[in-house]
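[1] Sequence first, then the predicted structure:
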Amino acid sequence: MEKITAVILAAGKGTRMMSDKTKVLHEVSGKPMISHVIDACLEAGVRDIVIIAGANFQELKKFAGKAYPGMDIKFAIQKKQLGTAHAVSAALNSKIHFNKAVLILSGDVPMITPETIKAMIREFTKSSPGGIICTSTVAEPFGYGRIVKNGKGHIIRIVEEKDATAAEKGIREINSGIYIFEAKNLKKHIKSVGLNPVKKEYYLTDIAGIMAENDVIIRPLTVDYAETAGINDRVQLMEANKLKNKKTLEKLAKNGITIADFDTVIIDGNVSIGRDTVINPFTVIHGKTRIGRGCVIGPFAHIRAETVIGDFCKIGNYVEIKKSVIGSHTNVAHLSYIGDAGIGNNVNIGAGTITCNYDGVNKNRTIIGNNVFVGSDTKFVAPVKIGDDTVIAAGSVITEDVPAGALGIARARQVNKEKWKQNRRKK
(Lines give C-alpha, C1' and ligand atoms only; values in the text may rest on other atoms or scores of the structure.)
Protein backbone atom coordinates (compact mmCIF):
# COMPACT_ATOMS: atom_id res chain seq x y z
CA MET A 1 0.00 0.00 0.00
CA GLU A 2 1.23 3.46 -0.86
CA LYS A 3 2.31 5.78 1.90
CA ILE A 4 -0.60 8.21 2.22
CA THR A 5 -1.10 11.56 3.88
CA ALA A 6 -4.75 12.42 4.46
CA VAL A 7 -5.66 16.11 4.23
CA ILE A 8 -9.03 16.99 5.76
CA LEU A 9 -10.55 20.34 4.78
CA ALA A 10 -12.11 21.85 7.91
CA ALA A 11 -11.49 25.60 7.78
CA GLY A 12 -14.96 26.56 6.55
CA LYS A 13 -17.06 28.84 8.73
CA GLY A 14 -20.26 26.86 8.19
CA THR A 15 -22.46 29.93 8.47
CA ARG A 16 -25.53 28.04 7.28
CA MET A 17 -25.40 25.92 10.44
CA MET A 18 -26.38 29.07 12.37
CA SER A 19 -24.18 28.01 15.28
CA ASP A 20 -21.38 29.23 17.53
CA LYS A 21 -19.81 25.78 17.16
CA THR A 22 -17.61 25.12 14.14
CA LYS A 23 -19.48 23.06 11.55
CA VAL A 24 -17.34 19.92 11.53
CA LEU A 25 -17.78 19.46 15.30
CA HIS A 26 -21.55 19.07 15.04
CA GLU A 27 -22.39 15.47 15.88
CA VAL A 28 -23.64 12.69 13.66
CA SER A 29 -24.51 9.42 15.40
CA GLY A 30 -22.92 10.48 18.66
CA LYS A 31 -19.62 11.94 17.52
CA PRO A 32 -18.40 15.01 15.61
CA MET A 33 -18.71 14.64 11.86
CA ILE A 34 -14.97 15.16 11.41
CA SER A 35 -14.40 12.18 13.73
CA HIS A 36 -16.21 9.96 11.24
CA VAL A 37 -13.78 11.12 8.55
CA ILE A 38 -10.71 10.63 10.75
CA ASP A 39 -11.90 7.21 11.93
CA ALA A 40 -12.55 6.11 8.34
CA CYS A 41 -8.96 7.04 7.49
CA LEU A 42 -7.59 5.18 10.50
CA GLU A 43 -9.64 2.06 9.76
CA ALA A 44 -8.38 2.19 6.17
CA GLY A 45 -4.80 2.23 7.45
CA VAL A 46 -4.10 5.94 6.86
CA ARG A 47 -2.57 7.32 10.04
CA ASP A 48 -0.75 10.41 8.73
CA ILE A 49 -3.47 13.05 9.03
CA VAL A 50 -3.41 16.80 8.42
CA ILE A 51 -6.38 18.99 9.31
CA ILE A 52 -6.67 22.34 7.54
CA ALA A 53 -8.12 24.85 9.99
CA GLY A 54 -8.91 28.54 9.90
CA ALA A 55 -10.29 30.76 12.63
CA ASN A 56 -11.52 27.53 14.25
CA PHE A 57 -7.96 26.28 14.86
CA GLN A 58 -8.10 26.41 18.67
CA GLU A 59 -11.47 24.69 18.73
CA LEU A 60 -10.25 21.91 16.43
CA LYS A 61 -6.94 21.59 18.26
CA LYS A 62 -8.78 21.11 21.56
CA PHE A 63 -11.08 18.54 19.96
CA ALA A 64 -8.18 16.54 18.50
CA GLY A 65 -6.30 16.49 21.79
CA LYS A 66 -9.32 15.14 23.64
CA ALA A 67 -10.66 12.73 21.00
CA TYR A 68 -7.29 11.40 19.80
CA PRO A 69 -4.86 11.66 22.72
CA GLY A 70 -1.33 10.62 21.87
CA MET A 71 -1.97 10.74 18.12
CA ASP A 72 0.10 13.15 16.08
CA ILE A 73 -2.63 14.90 14.11
CA LYS A 74 -1.02 17.85 12.33
CA PHE A 75 -2.62 21.19 11.52
CA ALA A 76 -2.19 23.63 8.64
CA ILE A 77 -3.71 27.10 8.86
CA GLN A 78 -5.69 28.74 6.07
CA LYS A 79 -5.65 32.34 7.21
CA LYS A 80 -8.09 33.57 4.55
CA GLN A 81 -11.00 31.58 3.15
CA LEU A 82 -10.05 31.66 -0.53
CA GLY A 83 -11.34 28.28 -1.70
CA THR A 84 -10.43 24.61 -1.63
CA ALA A 85 -7.30 24.86 -3.78
CA HIS A 86 -6.06 27.69 -1.57
CA ALA A 87 -6.69 25.51 1.50
CA VAL A 88 -4.70 22.60 0.10
CA SER A 89 -1.92 24.99 -0.95
CA ALA A 90 -1.76 26.28 2.63
CA ALA A 91 -0.99 22.74 3.78
CA LEU A 92 1.47 21.99 0.97
CA ASN A 93 3.34 25.24 1.62
CA SER A 94 3.65 24.56 5.33
CA LYS A 95 6.54 22.74 6.99
CA ILE A 96 4.50 19.54 7.20
CA HIS A 97 6.02 16.47 5.56
CA PHE A 98 3.79 14.78 2.96
CA ASN A 99 3.97 11.17 1.88
CA LYS A 100 4.08 10.00 -1.74
CA ALA A 101 0.30 10.30 -2.15
CA VAL A 102 -2.17 12.84 -0.76
CA LEU A 103 -5.75 11.87 0.03
CA ILE A 104 -8.04 14.93 0.16
CA LEU A 105 -11.29 14.73 2.12
CA SER A 106 -13.79 17.16 3.60
CA GLY A 107 -14.48 17.28 7.31
CA ASP A 108 -18.20 17.65 6.67
CA VAL A 109 -18.63 14.30 4.86
CA PRO A 110 -19.29 11.90 7.77
CA MET A 111 -20.75 9.07 5.67
CA ILE A 112 -17.43 8.25 3.99
CA THR A 113 -16.46 4.64 4.70
CA PRO A 114 -13.10 2.92 5.24
CA GLU A 115 -14.01 0.62 2.36
CA THR A 116 -14.16 3.52 -0.09
CA ILE A 117 -10.83 4.89 1.09
CA LYS A 118 -9.28 1.43 0.80
CA ALA A 119 -10.70 1.10 -2.72
CA MET A 120 -9.18 4.44 -3.71
CA ILE A 121 -5.79 3.42 -2.38
CA ARG A 122 -5.95 -0.01 -4.07
CA GLU A 123 -6.85 1.54 -7.43
CA PHE A 124 -4.18 4.20 -7.03
CA THR A 125 -1.56 1.57 -6.15
CA LYS A 126 -2.58 -0.88 -8.88
CA SER A 127 -2.97 1.42 -11.87
CA SER A 128 -0.47 4.12 -10.83
CA PRO A 129 -2.36 7.11 -12.27
CA GLY A 130 -1.52 10.68 -11.34
CA GLY A 131 -4.72 10.80 -9.37
CA ILE A 132 -8.17 9.38 -8.65
CA ILE A 133 -11.38 11.34 -8.15
CA CYS A 134 -14.44 9.74 -6.60
CA THR A 135 -17.54 10.33 -8.71
CA SER A 136 -21.24 9.55 -8.39
CA THR A 137 -24.04 9.19 -10.89
CA VAL A 138 -27.24 10.97 -9.86
CA ALA A 139 -30.68 11.37 -11.41
CA GLU A 140 -30.62 15.16 -11.08
CA PRO A 141 -27.11 16.63 -11.45
CA PHE A 142 -28.17 20.29 -11.42
CA GLY A 143 -25.76 22.42 -9.40
CA TYR A 144 -22.96 19.87 -9.29
CA GLY A 145 -19.64 19.80 -11.10
CA ARG A 146 -19.90 17.44 -14.10
CA ILE A 147 -17.20 14.89 -14.83
CA VAL A 148 -15.94 15.15 -18.41
CA LYS A 149 -13.94 12.16 -19.66
CA ASN A 150 -12.00 11.27 -22.79
CA GLY A 151 -12.40 8.16 -24.91
CA LYS A 152 -10.22 6.15 -22.53
CA GLY A 153 -12.44 6.99 -19.57
CA HIS A 154 -9.90 9.32 -17.97
CA ILE A 155 -11.12 12.55 -16.37
CA ILE A 156 -10.07 15.56 -18.42
CA ARG A 157 -11.93 18.28 -16.54
CA ILE A 158 -14.66 19.07 -14.03
CA VAL A 159 -17.19 21.59 -15.34
CA GLU A 160 -19.31 23.64 -12.97
CA GLU A 161 -23.01 24.16 -13.73
CA LYS A 162 -22.66 27.78 -14.79
CA ASP A 163 -19.84 26.96 -17.22
CA ALA A 164 -21.32 23.78 -18.70
CA THR A 165 -22.52 23.51 -22.29
CA ALA A 166 -25.92 22.01 -23.03
CA ALA A 167 -24.30 18.65 -23.72
CA GLU A 168 -22.23 18.82 -20.52
CA LYS A 169 -25.31 19.68 -18.49
CA GLY A 170 -26.73 16.34 -19.61
CA ILE A 171 -23.87 14.48 -17.90
CA ARG A 172 -25.12 12.76 -14.74
CA GLU A 173 -21.71 11.79 -13.37
CA ILE A 174 -20.70 14.36 -10.75
CA ASN A 175 -17.69 15.22 -8.65
CA SER A 176 -17.78 13.92 -5.06
CA GLY A 177 -15.03 16.19 -3.73
CA ILE A 178 -12.82 13.27 -2.62
CA TYR A 179 -9.43 12.94 -4.32
CA ILE A 180 -6.11 11.16 -4.18
CA PHE A 181 -3.09 12.57 -6.06
CA GLU A 182 0.60 11.93 -6.33
CA ALA A 183 2.12 14.53 -4.03
CA LYS A 184 4.63 15.71 -6.65
CA ASN A 185 1.88 16.29 -9.24
CA LEU A 186 -0.34 18.02 -6.72
CA LYS A 187 2.44 20.35 -5.57
CA LYS A 188 3.43 21.15 -9.14
CA HIS A 189 0.04 21.78 -10.73
CA ILE A 190 -1.90 23.37 -7.88
CA LYS A 191 0.19 26.47 -8.49
CA SER A 192 -1.56 26.85 -11.86
CA VAL A 193 -5.07 27.01 -10.41
CA GLY A 194 -6.38 30.47 -11.18
CA LEU A 195 -8.66 32.79 -9.24
CA ASN A 196 -12.33 32.33 -10.08
CA PRO A 197 -13.38 35.78 -11.32
CA VAL A 198 -16.90 35.53 -9.90
CA LYS A 199 -16.36 33.90 -6.50
CA LYS A 200 -12.83 35.27 -6.02
CA GLU A 201 -11.68 31.86 -4.84
CA TYR A 202 -9.30 29.13 -6.01
CA TYR A 203 -11.16 25.88 -6.70
CA LEU A 204 -9.51 22.48 -6.42
CA THR A 205 -11.82 21.15 -9.15
CA ASP A 206 -9.77 23.12 -11.70
CA ILE A 207 -6.76 20.92 -11.08
CA ALA A 208 -8.30 18.00 -13.00
CA GLY A 209 -8.20 19.97 -16.26
CA ILE A 210 -4.74 21.35 -15.54
CA MET A 211 -3.31 17.89 -14.88
CA ALA A 212 -5.01 16.42 -17.97
CA GLU A 213 -3.50 19.17 -20.13
CA ASN A 214 -0.11 18.12 -18.78
CA ASP A 215 -0.69 14.43 -19.61
CA VAL A 216 -1.37 13.39 -16.02
CA ILE A 217 -3.87 10.52 -15.95
CA ILE A 218 -6.83 11.02 -13.59
CA ARG A 219 -9.09 8.02 -13.16
CA PRO A 220 -12.65 8.05 -11.77
CA LEU A 221 -13.83 5.76 -8.97
CA THR A 222 -17.59 5.39 -8.69
CA VAL A 223 -19.08 5.64 -5.19
CA ASP A 224 -22.56 5.99 -3.74
CA TYR A 225 -23.57 9.66 -3.67
CA ALA A 226 -25.04 9.34 -0.16
CA GLU A 227 -21.59 8.40 1.11
CA THR A 228 -19.93 11.57 -0.11
CA ALA A 229 -22.68 14.15 0.42
CA GLY A 230 -21.54 17.10 2.52
CA ILE A 231 -23.43 18.70 5.40
CA ASN A 232 -24.04 22.43 5.17
CA ASP A 233 -27.06 23.09 7.39
CA ARG A 234 -29.15 21.58 10.17
CA VAL A 235 -31.55 19.91 7.75
CA GLN A 236 -28.71 18.00 6.10
CA LEU A 237 -27.33 17.22 9.57
CA MET A 238 -30.67 15.66 10.52
CA GLU A 239 -30.74 13.64 7.30
CA ALA A 240 -27.20 12.38 7.90
CA ASN A 241 -28.11 11.34 11.44
CA LYS A 242 -31.11 9.40 10.17
CA LEU A 243 -29.08 7.67 7.47
CA LYS A 244 -26.21 6.84 9.81
CA ASN A 245 -28.64 5.54 12.44
CA LYS A 246 -30.40 3.33 9.89
CA LYS A 247 -27.07 1.79 8.86
CA THR A 248 -26.22 1.18 12.53
CA LEU A 249 -29.56 -0.49 13.23
CA GLU A 250 -29.28 -2.65 10.10
CA LYS A 251 -25.82 -3.79 11.16
CA LEU A 252 -27.05 -4.67 14.65
CA ALA A 253 -30.08 -6.52 13.27
CA LYS A 254 -27.85 -8.60 10.99
CA ASN A 255 -25.72 -9.50 14.04
CA GLY A 256 -28.62 -11.02 15.98
CA ILE A 257 -30.21 -8.05 17.75
CA THR A 258 -33.95 -7.46 17.51
CA ILE A 259 -34.83 -3.82 16.81
CA ALA A 260 -38.57 -3.41 17.35
CA ASP A 261 -38.92 -0.16 15.40
CA PHE A 262 -36.28 1.35 13.11
CA ASP A 263 -38.16 4.66 13.08
CA THR A 264 -37.99 5.37 16.83
CA VAL A 265 -34.82 3.65 18.06
CA ILE A 266 -31.61 5.72 18.09
CA ILE A 267 -28.29 3.97 18.70
CA ASP A 268 -24.86 5.55 18.28
CA GLY A 269 -22.41 3.82 15.98
CA ASN A 270 -19.92 2.96 18.74
CA VAL A 271 -22.46 1.04 20.88
CA SER A 272 -21.82 -2.71 21.29
CA ILE A 273 -24.79 -5.06 21.82
CA GLY A 274 -24.78 -8.84 22.31
CA ARG A 275 -26.89 -11.26 20.30
CA ASP A 276 -30.51 -12.05 21.20
CA THR A 277 -30.95 -8.69 22.90
CA VAL A 278 -34.26 -6.95 22.18
CA ILE A 279 -34.44 -3.17 21.77
CA ASN A 280 -37.98 -1.85 22.14
CA PRO A 281 -39.40 1.35 20.55
CA PHE A 282 -38.38 4.87 21.57
CA THR A 283 -35.07 3.71 23.02
CA VAL A 284 -31.98 5.92 22.89
CA ILE A 285 -28.49 4.45 23.47
CA HIS A 286 -25.52 6.80 23.34
CA GLY A 287 -21.73 6.78 23.46
CA LYS A 288 -19.31 3.98 24.18
CA THR A 289 -21.93 1.76 25.76
CA ARG A 290 -21.80 -2.03 25.93
CA ILE A 291 -24.87 -4.23 26.40
CA GLY A 292 -24.59 -7.99 26.85
CA ARG A 293 -26.54 -10.80 25.22
CA GLY A 294 -30.10 -11.80 25.92
CA CYS A 295 -31.11 -8.45 27.39
CA VAL A 296 -34.42 -6.64 27.01
CA ILE A 297 -34.29 -2.86 26.71
CA GLY A 298 -37.72 -1.35 27.29
CA PRO A 299 -39.53 1.44 25.48
CA PHE A 300 -38.48 5.00 26.31
CA ALA A 301 -35.22 3.79 27.87
CA HIS A 302 -32.28 6.22 27.71
CA ILE A 303 -28.85 4.60 28.07
CA ARG A 304 -26.08 7.16 28.14
CA ALA A 305 -22.36 7.00 27.41
CA GLU A 306 -19.92 4.76 29.30
CA THR A 307 -22.58 2.34 30.48
CA VAL A 308 -21.89 -1.40 30.61
CA ILE A 309 -24.80 -3.80 30.96
CA GLY A 310 -24.22 -7.52 31.54
CA ASP A 311 -26.00 -10.52 30.05
CA PHE A 312 -29.71 -11.31 30.46
CA CYS A 313 -30.64 -7.98 32.01
CA LYS A 314 -33.90 -6.09 31.75
CA ILE A 315 -33.85 -2.32 31.43
CA GLY A 316 -37.48 -1.27 31.51
CA ASN A 317 -39.57 1.62 30.31
CA TYR A 318 -38.65 5.16 31.36
CA VAL A 319 -35.30 4.09 32.78
CA GLU A 320 -32.21 6.27 32.40
CA ILE A 321 -28.75 4.83 32.99
CA LYS A 322 -25.63 6.96 32.91
CA LYS A 323 -21.98 5.93 33.27
CA SER A 324 -22.82 2.81 35.25
CA VAL A 325 -21.89 -0.86 35.28
CA ILE A 326 -24.80 -3.29 35.60
CA GLY A 327 -24.11 -6.96 36.35
CA SER A 328 -25.74 -9.96 34.65
CA HIS A 329 -29.30 -11.11 35.42
CA THR A 330 -30.08 -7.73 36.92
CA ASN A 331 -33.37 -5.90 36.37
CA VAL A 332 -34.03 -2.18 36.41
CA ALA A 333 -37.61 -2.64 35.37
CA HIS A 334 -39.12 0.84 35.21
CA LEU A 335 -39.17 4.50 36.18
CA SER A 336 -35.65 4.70 37.59
CA TYR A 337 -32.47 6.76 37.28
CA ILE A 338 -29.16 4.96 37.74
CA GLY A 339 -26.16 7.27 37.43
CA ASP A 340 -22.49 6.76 38.36
CA ALA A 341 -23.29 3.39 39.89
CA GLY A 342 -21.86 -0.09 40.05
CA ILE A 343 -24.55 -2.77 40.44
CA GLY A 344 -23.80 -6.47 40.86
CA ASN A 345 -25.36 -9.64 39.50
CA ASN A 346 -28.91 -10.85 40.17
CA VAL A 347 -30.12 -7.52 41.54
CA ASN A 348 -33.69 -6.26 41.40
CA ILE A 349 -34.09 -2.50 41.32
CA GLY A 350 -37.64 -1.50 42.22
CA ALA A 351 -39.70 1.13 40.40
CA GLY A 352 -38.82 4.75 41.10
CA THR A 353 -35.30 4.08 42.38
CA ILE A 354 -32.84 6.95 42.10
CA THR A 355 -29.11 7.13 42.72
CA CYS A 356 -28.64 10.67 43.96
CA ASN A 357 -25.18 11.04 42.44
CA TYR A 358 -24.70 14.81 42.36
CA ASP A 359 -24.16 16.83 45.53
CA GLY A 360 -24.01 20.17 43.75
CA VAL A 361 -20.23 20.02 43.30
CA ASN A 362 -19.13 16.43 42.63
CA LYS A 363 -20.56 13.28 41.06
CA ASN A 364 -20.48 10.44 43.60
CA ARG A 365 -20.85 6.68 43.15
CA THR A 366 -23.37 4.20 44.46
CA ILE A 367 -22.09 0.63 44.79
CA ILE A 368 -24.62 -2.20 45.10
CA GLY A 369 -23.46 -5.80 45.58
CA ASN A 370 -24.80 -9.10 44.29
CA ASN A 371 -28.22 -10.63 45.03
CA VAL A 372 -29.69 -7.39 46.35
CA PHE A 373 -33.40 -6.58 46.39
CA VAL A 374 -34.18 -2.87 46.26
CA GLY A 375 -37.75 -1.88 47.09
CA SER A 376 -39.66 0.69 45.07
CA ASP A 377 -39.12 4.43 45.51
CA THR A 378 -35.69 4.07 47.09
CA LYS A 379 -33.16 6.89 47.03
CA PHE A 380 -29.44 6.18 47.38
CA VAL A 381 -27.64 9.34 48.47
CA ALA A 382 -24.14 8.78 47.12
CA PRO A 383 -21.46 7.98 48.03
CA VAL A 384 -22.92 4.82 49.56
CA LYS A 385 -22.19 1.08 49.44
CA ILE A 386 -24.73 -1.72 49.69
CA GLY A 387 -23.40 -5.18 50.58
CA ASP A 388 -24.28 -8.53 49.02
CA ASP A 389 -27.57 -10.28 49.83
CA THR A 390 -29.20 -7.18 51.31
CA VAL A 391 -32.79 -6.01 51.15
CA ILE A 392 -33.67 -2.32 50.99
CA ALA A 393 -37.15 -1.48 52.21
CA ALA A 394 -39.43 0.40 49.82
CA GLY A 395 -39.53 4.16 50.26
CA SER A 396 -36.11 4.34 51.95
CA VAL A 397 -33.63 7.19 51.66
CA ILE A 398 -30.30 5.43 52.14
CA THR A 399 -27.55 7.78 53.33
CA GLU A 400 -25.24 5.23 55.02
CA ASP A 401 -23.62 1.97 53.96
CA VAL A 402 -25.68 -1.20 54.42
CA PRO A 403 -23.69 -4.33 55.43
CA ALA A 404 -24.05 -7.67 53.68
CA GLY A 405 -27.15 -9.68 54.54
CA ALA A 406 -28.90 -6.78 56.27
CA LEU A 407 -32.32 -5.17 55.85
CA GLY A 408 -31.92 -1.44 55.26
CA ILE A 409 -34.83 0.77 56.32
CA ALA A 410 -34.58 4.56 56.18
CA ARG A 411 -38.01 6.14 56.38
CA ALA A 412 -40.26 7.84 58.94
CA ARG A 413 -42.51 5.54 60.98
CA GLN A 414 -46.14 5.60 59.86
CA VAL A 415 -48.62 7.22 62.24
CA ASN A 416 -52.40 6.92 61.73
CA LYS A 417 -54.55 9.62 63.33
CA GLU A 418 -57.91 7.90 63.76
CA LYS A 419 -61.07 9.96 63.23
CA TRP A 420 -58.84 12.87 62.14
CA LYS A 421 -61.21 14.10 59.42
CA GLN A 422 -64.26 13.80 61.70
CA ASN A 423 -62.58 15.75 64.52
CA ARG A 424 -61.36 18.40 62.06
CA ARG A 425 -64.97 19.15 61.03
CA LYS A 426 -65.98 19.75 64.63
CA LYS A 427 -63.49 22.56 65.05
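    That came in fine, so what should we check first? Since the structure is predicted, the reported quantities are computational estimates derived from the model, not experimental observations.
[2] Residue 361 - that's part of a helix, no?
    No - under the criterion used here (DSSP: H, G, I helix; E, B strand; the rest coil), residue 361 is coil, not part of a helix.
[3] And stretch 183-194, what's buried?
    Of the residues in stretch 183-194, those scored as buried under the neighbour-count criterion (16 or more other CB atoms under 10 Å) are 183, 185, 186, 187, 189, 190, 193. Just so you know, the C-beta spots here come from the backbone N, C-alpha and C atoms, and that holds for glycine as well.
[4] If you could redo that for stretch 365-373, that was the one I meant.
    Counting neighbours by 16+ other CB under 10 Å, the buried set in stretch 365-373 is 365, 366, 367, 368, 369, 370, 371, 372.
[5] For the closest residue to the fifth one other than its chain neighbours, give me its contacts.
    Leaving aside its chain neighbours, residue 369 sits nearest to residue 388 (3.8 Å; criterion: CB to CB, 6 or more residues apart in numbering). Counting by CB atoms under 8 Å, 6 or more residues apart in numbering, residue 388 touches 344, 369, 370, 371, 372, 404, 405.
[6] can you give me phi and psi for the residue lying closest to the first one once chain neighbours are set aside?
    In space, and not counting its chain neighbours, residue 344 is closest to residue 370: 3.7 Å by CB to CB, 6+ apart. Reported as degrees, to the nearest 10, the phi and psi values for residue 370 are phi -90, psi 150.
[7] do you know how far residue 370 is from residue 291?
    From residue 370 across to residue 291, the span is 20 Å (CB to CB, to the nearest Å).
[8] now swap in residue 355 and tell me
    Going from residue 355 to residue 291 by CB to CB gives 19 Å.
[9] So which of those two has more stuff around it?
    Set side by side, residue 355 and residue 291 give different neighbour counts by other CB atoms under 10 Å, the larger being at residue 355 (28 against 25).
[10] phi, psi of the more buried one?
    phi -90, psi 110.
[11] With residue 236 instead?
    The phi/psi pair for residue 236 (degrees, to the nearest 10) reads phi -70, psi -30.
[12] Contacts only, for it.
    Residues 229, 230 are the ones in contact with residue 236 under the rule CB under 8 Å, 6+ apart.
[13] residues in contact with the closest residue to residue 16 other than its chain neighbours?
    What sits nearest to residue 16 in space, not counting adjacent residues and going by CB to CB, 6+ apart, is residue 233, at 4.3 Å. Listed by CB under 8 Å, 6+ apart, the contact partners of residue 233 are 16, 17, 18.
[14] and if you look at residue 54?
    11, 12, 13, 77, 78, 79, 81.
[15] separation between it and residue 86?
    From residue 54 over to residue 86 the distance is 11 Å, taken as CB to CB.
[16] intersection of neighbour lists for these two?
    Common neighbours of residue 54 and residue 86 (CB under 8 Å, 6+ apart) are residue 78.
[17] what ranges do the helices span in the stretch 101-250 of the chain?
    With DSSP state H, counting those that start in this stretch applied, the stretch 101-250 of the chain shows helices at 114-127, 166-169, 183-189, 206-213, 225-228, 234-254, listed in chain order.
[18] before we move on, back to that, with distance to residue 411 as added columns, please give the contacts of residue 233 in CSV.
    As requested, the contacts of residue 233 are exported to CSV (distance: CB to CB, whole Å):
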residue, distance to residue 411
16, 56
17, 51
18, 51
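[19] any idea which of these is closest to residue 7?
    For residue 7, the closest of the contacts of residue 233 turns out to be residue 17, at 22.3 Å, with distances computed as CB to CB.
[20] Pull the number of nearby residues for that closest one.
    As a burial measure, the neighbour count of residue 17 was computed by other CB under 10 Å and equals 20.
[21] Contact partners for it?
    With contact set as CB under 8 Å, 6+ apart, residue 17 has these partners: 23, 26, 232, 233, 234, 237.
[22] Let's see the pLDDT reported for the residue lying closest to the fifth one once chain neighbours are set aside.
    Closest residue to residue 234 in three dimensions, ignoring its sequence neighbours and counting by CB to CB, 6+ apart: residue 17, at 6.4 Å. Per-residue confidence for residue 17 comes out at a pLDDT of 94.
[23] so where's this structure uncertain?
    Within the chain, the ranges that satisfy pLDDT under 70 run 1-2, 427.
[24] Show me it divided up by domain.
    4-228, 234-408 (automatic domain parsing).
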